[in-house]
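**Q** Just need the structure, nothing else, for what follows:
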Amino acid sequence: MLESISRLKNNLEDLKTFEQRSQNDYFSQCIFKVYKNYQKILDKNNALDFDDLLLKTAFLLKDNADIRKQLNDHYRYLMVDEYQDTNHAQYQIARGLSSEHGNICVTGDPDQSIYGWRGADISNILAFERDWPNATIIKLEENFRSLPRILEIADRLIVTNKSRKMKKLVPVHKGEAEIKVECLEDEQAEASFIAGHVNGLLSKGINPNQIAIFYRVNSMSRAIEESYILNKIPYQIVRGVEFYNRKEIKDMLAYLRLIINPSDDQAFTRIVNTPARGIGPTTVSRLESYAAVKNISIYQAAKESEFVAELSLSAKTKLKVFVKMMEDFTAEKDMPSSVIMEKVFKESGLYESLKAEIAEEDYSKSAPIDNVYELINSAKRFDEQQIGGLVEFIQHIALFSDTDAYDSRSGKVSLMTLHCAKGLEFDHVIIIGLEQGLLPHERSVDNPREMEEERRLFFVGITRAKKSICVTLCKYRTIHGQTMRTIKSQFLADAGLEVKEEGWKEFVEEKDSLDYDTSESQIPKHDIGFEEGQLVSHKKFGVGRIKKIHDLGPDSVVEIQFRNGLVKQLMLKYANLSVVENH
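**A** Okay, here's the model as predicted:
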């Protein structure tokens, strides 16, 4: 539902008509009610979310001709980078800022549009010539990164997509790229193979910084990490945003947010009893009730706690101590951000609390404390750049992304998701898990539009490589705690990457939870000798009816509901099915 709200806020037309449509649609009614209440909470907290930053700017430009003209006069030329990743609100902002003079230049690659799941609309770049009929189109086809064979694979893969601009990558560098496709038994064998492959590269003197492993979902890194630890291979996981999701970091940031915005009720409720200072849920609940009646923030209610009749004398005393502490912090908010952060860490009790947890559990690790000091150190680096104070620092880290966490001088092999890899480059790239249901992801296989985005994601992974690509897949993989047989990704055939047939001869079963794309935009129709609805017999599973056929040519798959209750997806050429009846 929250994703639906986010998409709604980035689509101005939907936002305008949503209330009318919601009257006849129960799900829409629910979203609209949540949306309205959510907006009230934002207003009460004097806050904007990420979508609001775009939405309110878009409406301002759309509805206020004077401001639109003033900004057009001030900014005579507009350039938009990564235009393929813009959503509808960003599209409206770009048009609003250039509508008076028409001086707009955008750069982007439709083949690298991989953020549709968070609202990006590839049609913005595909329809650019329609929106700006006088535009000059310059195709940047020369590639200064990858060797010819890598670009050949990428071109062959992506040409299958229909939603794109025709172009052909032209290599500048000459040389023979190493292309390897390996089918392993399971993820442990895959991890062991990758460790050996990486050690082979390292033994040739290749810098670990120039080696990367990409995967579709974060959980796939576990086996690789274990293998790297056993083989003593230094590695870094590029997953930077997770640093800010750690409890001690969220606690610290909540203190800072309340200092700069006393109306932030969420920050107040998080830290008023963190660390524990005897201000329990009952006290907070009574403050919330008082604040609601008075239409003030909870922090303001705490400042007026002496007037809250329901509070005990003890609760009022503790609240006064907390408020005094926060007032002291606020009085120094204009100090360098690292200075105020260190003061908050020590004087709030957070440091002593984390230190006590370490002593109680009797272990030597001090990761939570180290994490907070890493946050403070990042603030020191920010202060040294003299970009701004505490407010600017909070805004800076709010825009932090996974890619920003990548350290190109770490001396370590990098592990990251394919989404994380965009914008980076490495001499040697390993892409794991080329199996139906992983890449392409199972949530995309029934949607031609999403399938094209999955193909673009693989394209992005391939084009990160300069000199070599190694692609792996497994015959068995453990997903959601179950070890199941897999089917190789259709993207391998799209890219012209061959898998040794011996690795698949016993391969007849599939993962029950996965599905396959059969849309006409992906695979041409073939005469495979079976039809949906036919009753068939299998040597192991018995009699069943074909529910669905996934037409993958010689690798076609049939989904069968067997009489014993099992639903299986079988690779047709190995299943040895016999027809019991035609329909």
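
**Q** Can you pull out the low-pLDDT segments for the chain?
**A** 1-27, 239-243, 358-367, 399-407, 479-482, 500-527, 564-566, 581-583 (pLDDT under 70).

**Q** centroid residue for it?
**A** The centre of the chain sits closest to residue 419, judged by C-alpha atoms, centre = their mean, with a distance of 6.5 Å.

**Q** Stretch 153-168: end-to-end distance?
**A** With C-alpha to C-alpha, to the nearest Å as the measure, the first residue of stretch 153-168 is 11 Å from its last.

**Q** and what of stretch 420-440?
**A** Using C-alpha to C-alpha, the span of stretch 420-440 from its first residue to its last is 17 Å.

**Q** returning to that earlier point: the residue nearest to the centre of the chain: helix or strand, and which one exactly?
**A** Residue 419 belongs to helix 418-421 when elements are defined using DSSP states H and E.

**Q** for that helix, packing partners?
**A** For helix 418-421, the contact count by 3 or more C-beta pairs under 8 Å, 6 or more residues apart in numbering; DSSP states H and E identifies strand 211-215, helix 448-462 as packing neighbours. Quick note: C-beta positions are derived from backbone N, CA and C, even for glycine.

**Q** CSV for those, including distance to residue 385?
**A** Supplementary listing: these in CSV, determined by distance: least, C-beta to C-beta, whole Å:
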stretch, distance to residue 385
strand 211-215, 29
helix 448-462, 31
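
**Q** Of the ones you listed, which stretch is the most buried?
**A** Using mean count of other C-beta atoms under 10 Å, the stretch among the helices and strands packed on helix 418-421 with the greatest mean number of neighbours is strand 211-215 (a mean of 26).

**Q** which strands and helices sit next to it?
**A** When contacts are defined as 3+ C-beta pairs under 8 Å, 6+ apart, strand 211-215 packs onto helix 187-203, helix 221-230, strand 413-417, helix 418-421, strand 426-431.

**Q** Within its sheet, name the partner strands of that strand and how each one runs.
**A** Neighbouring strands of strand 211-215 in its sheet, by DSSP bridges, are strand 413-417 (parallel), strand 426-431 (parallel).

**Q** Residue 382: what secondary structure?
**A** Three states are possible here, and by DSSP: H, G, I helix; E, B strand; the rest coil the one that applies to residue 382 is helix.

**Q** That one: neighbouring residues, count only.
**A** Here the neighbour count serves as a burial measure; for residue 382 (other C-beta atoms under 10 Å) it reads 20.

**Q** do residue 72 as well
**A** Taking other C-beta under 10 Å as the criterion, the count of residues near residue 72 is 19.

**Q** Look up the closest residue to it, ignoring the ones flanking it.
**A** For residue 72, the nearest residue in space outside its immediate sequence neighbours is residue 100; the separation is 3.5 Å by C-beta to C-beta, 6 or more residues apart in numbering.

**Q** now do residue 120
**A** residue 85 (4.5 Å).

**Q** so who does that neighbour touch?
**A** Applying C-beta atoms under 8 Å, 6 or more residues apart in numbering, we find residue 85 in contact with 108, 113, 114, 115, 120.

**Q** Neighbour count and secondary structure added to those residues, as JSON lines?
**A** As requested, the contacts of residue 85 are exported to JSON lines (neighbours: other C-beta atoms under 10 Å; DSSP: H, G, I helix; E, B strand; the rest coil):
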{"residue": "108", "neighbour count": "19", "secondary structure": "coil"}
{"residue": "113", "neighbour count": "27", "secondary structure": "coil"}
{"residue": "114", "neighbour count": "24", "secondary structure": "coil"}
{"residue": "115", "neighbour count": "19", "secondary structure": "coil"}
{"residue": "120", "neighbour count": "21", "secondary structure": "coil"}
